[in-house]
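K.L.:
curious how this folds, go ahead:
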Amino acid sequence: MRKVSTIITNEKQPKNLVMVYSIIAQWMREAGEDLIDTNENFINGKDILDWMFNKNIITKKKYDYIIENNETWIQDLLLGFETGVLIYGNSSFPSLNKAYQVISEYISESKKLREKFVYNFCASFKNEIRGGMSGSYDAEDGHPICAHILEYDLQTNTMTKEEWLKQKWNADISFTDEYNYLKEMSFEEADRLSKELDN
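P.N.:
Sure, this is the predicted structure:
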């Protein structure tokens, strides 16, 4: 069994981008749900759109198109509903992963969002239903499973980018490596790869 490196318990810890990405990825694995689909009000679409534009993640042309068409729902922006950032409208691997890599960066930069994030996904549930998960997702130590960051997931060079892409969802890759590979990709490249891998 892999050793737990740390447990996310406060809003300062998710300043680490890999920590945020790990929580999101583990949440989806445990809950069997897409985090945005289940928590669509967690992030304001217009706010993250402005942030992506200011960070040069999207062009002015793309920004204006989204505003003009009023497609600022977070799902439209990041999960490939044809009018959003994912140009081809594809939300399969690795496009979906790329969306969450960007969301991780966005969350890590905001104290308010980090606090909300930790409350929704890292606090003990005690039979509450919060963030799409109930107390049944708490580990034996009382913390939610997704708040546990494994030592393995903080390692690098666990798998090459090429091997990761070939194995798709089944890749045994650390979240650090996955995050770093995704950070290198543009939305357009991630979406093109999605199309190629689906064929």
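K.L.:
hey, where'd the strands end up in this protein?
P.N.:
Here the chain has its strands, by DSSP state E, at 4-7, 148-150.
K.L.:
quick one: which of those is nearest Thr158?
P.N.:
In terms of Cβ to Cβ, the element of these nearest to Thr158 is strand 148-150, at 11.3 Å. C-betas here are computed from N, CA, C, even on glycine.
K.L.:
returning to that earlier point: mind putting the strands of the chain into a markdown table with mean neighbour count and distance to Phe93?
P.N.:
As requested, those are arranged in a markdown table below (neighbours: other Cβ atoms under 10 Å; distance: least, Cβ to Cβ, whole Å):
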| stretch | mean neighbour count | distance to Phe93 |
| --- | --- | --- |
| strand 4-7 | 15 | 26 |
| strand 148-150 | 19 | 21 |
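K.L.:
nearest to Glu105, out of those?
P.N.:
strand 148-150 (17.2 Å).
K.L.:
how about the strands of the chain in CSV, adding mean pLDDT?
P.N.:
Formatted as CSV, the strands of the chain follow (pLDDT from 0 to 100):
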stretch, mean pLDDT
strand 4-7, 90
strand 148-150, 91
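K.L.:
for those strands, which one sits closest to Asn97?
P.N.:
Nearest to Asn97, of the strands of the chain and by Cβ to Cβ, is strand 148-150 at 17.7 Å.
K.L.:
partner strands of that closest one, parallel or antiparallel?
P.N.:
Looking at strand 148-150 with DSSP bridges, its partner strands are strand 4-7 (antiparallel).
K.L.:
including distance to Ile48, could the strands of the chain go into JSON lines?
P.N.:
Below are these laid out as JSON lines (distance: least, Cβ to Cβ, whole Å):
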{"stretch": "strand 4-7", "distance to Ile48": "27"}
{"stretch": "strand 148-150", "distance to Ile48": "24"}
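K.L.:
closest to Leu182 out of these?
P.N.:
Nearest to Leu182, of all the strands of the chain, is strand 148-150, at 17.7 Å by Cβ to Cβ.
K.L.:
contacts for that closest one next, please.
P.N.:
The contact list for strand 148-150 (Cβ atoms under 8 Å, 6 or more residues apart in numbering) reads 2-8, 19, 22-23, 26, 139.
K.L.:
run the last query once more with 6 Å
P.N.:
Here strand 148-150 makes contact (Cβ atoms under 6 Å, 6 or more residues apart in numbering) with 2, 4-7, 19, 22.
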